[in-house]
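>>> just the structure for this:
(2 chains)
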Number of protein chains: 2
Amino acid sequence: MNYITGAVCVKCGHEQEAAPNTTVCEKCGGILDIKYDYKKIKAALTPQQLKERREQTMWRYMEFLPVEPEIVAKVNKLRVGCSPLYKVDRLADLLGIKALYVKDDGINPSASLKDRASAMAVMKATEAGNNIIACSSTGNAASSLAGNAAAAGYKTYIFVPERAPKGKVSQLMIFGANVISVQGNYEDTFKLSAQAIERFGWYNRNAAINPYLMEGKKTVALEIAEQLDFKMPDYIAISVGDGCTIGGLWKGLKDLYETGFIDRLPKIISVQSTGCCPINRAVTENKPLEPMEENTIADSIAVGVPRNPDKAMNAIRESKGICVNVTDEEILAAMKLLGSFGIFGEPAGVTGTAGLKKAVEDGLIPKDSTVVSVVTGNGLKDTANAIKAGGEPVKLAPDINEFVKWISND
Amino acid sequence: MNYITGAVCVKCGHEQEAAPNTTVCEKCGGILDIKYDYKKIKAALTPQQLKERREQTMWRYMEFLPVEPEIVAKVNKLRVGCSPLYKVDRLADLLGIKALYVKDDGINPSASLKDRASAMAVMKATEAGNNIIACSSTGNAASSLAGNAAAAGYKTYIFVPERAPKGKVSQLMIFGANVISVQGNYEDTFKLSAQAIERFGWYNRNAAINPYLMEGKKTVALEIAEQLDFKMPDYIAISVGDGCTIGGLWKGLKDLYETGFIDRLPKIISVQSTGCCPINRAVTENKPLEPMEENTIADSIAVGVPRNPDKAMNAIRESKGICVNVTDEEILAAMKLLGSFGIFGEPAGVTGTAGLKKAVEDGLIPKDSTVVSVVTGNGLKDTANAIKAGGEPVKLAPDINEFVKWISND
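Numbers count the residues shown, from 1 in each chain, chains lettered A, B, ... in the order given. Sure thing, here's the model as predicted:
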């Protein structure tokens, strides 16, 4: 059993049944939000019981998830979630805040936070009796779907825009996905995938269409809370593209609040690239969302027409959060900065930290703040930009005298 | 306190004290092996007590490790170890064996098994009062040292051969290491690092010199055993380069056997590349080790002059193990094979699985065998070879008719 009570449309408020293959609102086509019976969850699980659980994956939070435990038990799966939360005191000092924790979600099986959503998609596809899953993605949703579906033995069709980095595409190919590189931008890619999915009846893993994926993503919030012993930070900084991840983060926090696991909600720092920040712009200017160009090296969040702006904007507004936009140079600097503490994130992965740095510098958050910064993807996914950020090594002949000369001048 | 009783030379049998900065045998220069009081370990820890421990890193095996718990507690560290062990039934069927478990060590913070050794190096450097650490490496030892040292706030000097893949080098640069790209092969690189380390008095993280690193690597064996509830498999397949990883694997198994945690020892399947297999050749032909060329795409195990052949050859012989050499084509095929089950390993990372496949095909191991195959590094480290193994995606215009045409012919 699970604790779902139904699905409610974020746009028109219509309530409907939540079937395993439910996508958008049957009335207005708006995005749905899965609803739970929080009283029952509260009765079924206490923080202390959770603490004693041995399961070290996202499935340890079963009562909060929209899936049948028997399905999770039977499907072959990768180990998703329970990523480390590092307390990085020297970086907190450097940034000038009271305390900083970095949640390294690049450590997931396919090396990004998206594994949480894809692992959920595999379970819901199973419940729906469908073993072909499709999606469009700038890369990480795709590779996570390919990997998690491969583990389960399911077939995938994956649509990527032609600019997706080779490292990410190579993952898809290795995982045995049917990959379609679409000669167009993310918007073109999304549309083609939607048409194909409708035509062939595959399970739809497009995060902005499928309400369950955000329920997978929210486990990052559940983990952060548990790792902090349910003492919440003042802020959580996260990069924002399509809007699903920040939406999932906020959903998780609200679930914990509703069930009394936490007694206050952190503010969200929504970080986008200056070259592609339609969500932050809409919130800041308090205007409807307008499309933008996709001009940033942070390809995972280069989404000019976000598919899930409503939940993202709700997360920022409801949490009384702030919006910060960072340049590509600031993103590269954040890669190097986090790297110097042993954490290697991809450009979009470190964008949250870049935004946090900027927010402190611009006085947008108080100096005595406690902050969690989520790193959403591994730097190995995009070594070209890592090389840009890190620079080249010194080249020397195998000769100690030449080495001594170099180090003396270094 | 720890349970070390001293160090014994693998070559001449000389016993000496094990100081934190001890390297080779003071008498003959041979490689040392750290010795423990197994009775005391047995008295201090039972399998049941271990099972109840909450620590989810390699440090959960503290009693088996040559380090002071207070040091481990105080140093800032990444989350190393406790990687997943997947039971992959469909792959076992495909290979024609009774049961197969894949240990995915590419999930470590710097994406390889070497994090286990480097995390140990950081602790021993701390015990030795040294906060500059150096090494030479084909890549993974280097990036793991750079990452783990960065987390601790220590400085590193890292010597890499010029052929090291860019992805690996970019990791070093991001982690803030001082990287020296040596215009020569691994042998030249190793020699230059040794000279520089001696000259400047840095802590030495060359695995074939430093006896503690193998003690870090052995945690992979401790985990496999615990994950299998101490019921050991018939075989463990692993790729072999310098010889330190297979040596560490065997040391861990022997420690468990000596303390009664396991009641039988698995046989080791030592897998090298046909283009560089000096250790397997020496064992198979029962002759002294002779250098070989380094002709393989599996750069992490392309070691023509292994620095730790003694422990490696002991592991194969003592375990009554077998030697298998695989071609680059077989390695690429193994990348694709493991990928189709959701596990993405680098070429050297999947070489153990390639060897297992070959061993079954050649009738070297019985069909009713239970096997663990260790994946030692993440495929994202070497996407060029991943692309070779996986192939390219289909390229299509954003047009549903074109898509339908393609899928009808697929």
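>>> when you work out contacts or count neighbours from here on, use the C-alpha atoms and nothing else.
Fine.
>>> correct me, but residue A:350 touches residue A:331?
Yes. Assessed by CA atoms under 8 Å, residue A:350 is found in contact with residue A:331 at 6.6 Å.
>>> ok, the helix or strand encompassing residue A:237: who's next to it in the sheet?
Using DSSP states H and E, residue A:237 falls within strand A:235-239. Strand A:235-239 pairs in its sheet with strand A:267-273 (parallel), strand A:370-375 (parallel), by DSSP bridges.
>>> need those in TSV with mean neighbour count, can you?
Formatted as TSV, the strands paired with strand A:235-239 follow (neighbours: other CA atoms under 10 Å in any protein chain shown):
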stretch	mean neighbour count
strand A:267-273	28
strand A:370-375	26
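>>> now those strands in a markdown table, with mean pLDDT?
Shown next, in a markdown table, are the strands paired with strand A:235-239 (pLDDT from 0 to 100):
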| stretch | mean pLDDT |
| --- | --- |
| strand A:267-273 | 98 |
| strand A:370-375 | 98 |
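>>> show me which residues of the stretch 251-400 of chain A sit near chain B.
Counting by CA under 8 Å from any CA of the partner chain, the stretch 251-400 of chain A comes close to chain B at A:335-336, A:339-344, A:379-381, A:383, A:386-387, A:389-400.
>>> what's the burial count for the residue nearest to residue A:396 when sequence neighbours are not counted?
In space, and not counting its chain neighbours, residue A:396 is closest to residue B:182: 5.2 Å by CA to CA, 6 or more residues apart in numbering or on different chains. Residues lying near residue B:182 (other CA atoms under 10 Å in any protein chain shown) number 27.
>>> re the thing from before, the more surrounded of residue A:350 and residue A:331?
Each of residue A:350 and residue A:331 has its neighbours counted (other CA under 10 Å); residue A:350 has more, 36 against 27.
>>> what is the neighbour count of residue A:62?
Residues near residue A:62, counting by other CA under 10 Å, number 18.
>>> in contact with residue A:112, which residues?
A:105-106, A:140, A:144, A:376-378 (CA atoms under 8 Å, 6 or more residues apart in numbering or on different chains).
>>> which intervals of chain A have sub-threshold pLDDT?
Along chain A, segments meeting pLDDT under 70 span A:138.
>>> just the contacts of residue A:112: which are in helices?
Using DSSP state H, the subset of those located in helices is A:140, A:144.
>>> can you give me the end-to-end span of stretch A:75-89?
From its first residue to its last, stretch A:75-89 covers 40 Å (CA to CA, to the nearest Å).
>>> do stretch A:294-307 as well
End-to-end distance (CA to CA), stretch A:294-307: 14 Å.
>>> how far is that stretch from where the chain is centred?
Taking the mean of its C-alpha atoms, stretch A:294-307 sits 14 Å from the chain's own mean (CA atoms, centre = their mean, to the nearest Å).
>>> for stretch A:31-45, same thing?
22 Å.
>>> quick one: contacts of that stretch?
By CA under 8 Å, 6+ apart, stretch A:31-45 touches A:3-11, A:18, A:23-25, A:63-64, A:66, A:208-212, A:215, A:255, A:258-260, A:308.
>>> so residue A:25 touches residue A:13, yeah?
No. Residue A:25 sits out of contact with residue A:13 when judged by CA under 8 Å, with a separation of 9.1 Å.
>>> more neighbours: which of these two?
Per other CA under 10 Å, whichever of residue A:25 and residue A:13 has more neighbours is residue A:25, with 22 against 15.
>>> can you name the helix or strand that that one falls in?
Per DSSP H and E, there is no helix or strand for residue A:25.
>>> distance of it from residue A:130?
Using CA to CA, residue A:25 is found at 21 Å from residue A:130.
>>> got the contact list for residue A:253?
Residues near residue A:253 by CA under 8 Å, 6+ apart: A:218, A:221-222, A:265.
>>> what's the closest of the strands paired with strand A:235-239 to residue A:404?
strand A:370-375 (38.2 Å; CA to CA).
>>> following element in sequence after the closest one, please.
helix A:383-390.
>>> now do that following helix: which elements does it pack against?
With contacts taken as 3 or more CA pairs under 8 Å, 6 or more residues apart in numbering or on different chains; DSSP states H and E, helix A:383-390 sits against helix A:328-339, helix B:166-174.
>>> how long is stretch A:233-250 end to end?
End-to-end distance of stretch A:233-250 (CA to CA): 13 Å.
>>> give the buried residues for that stretch.
Residues A:233-250 are the ones in stretch A:233-250 that count as buried (16 or more other CA atoms under 10 Å in any protein chain shown).
>>> also stretch A:211-229?
Buried-residue list, stretch A:211-229, by 16+ other CA under 10 Å: A:211-227.
>>> report the distance from that stretch to the chain centre.
10 Å.
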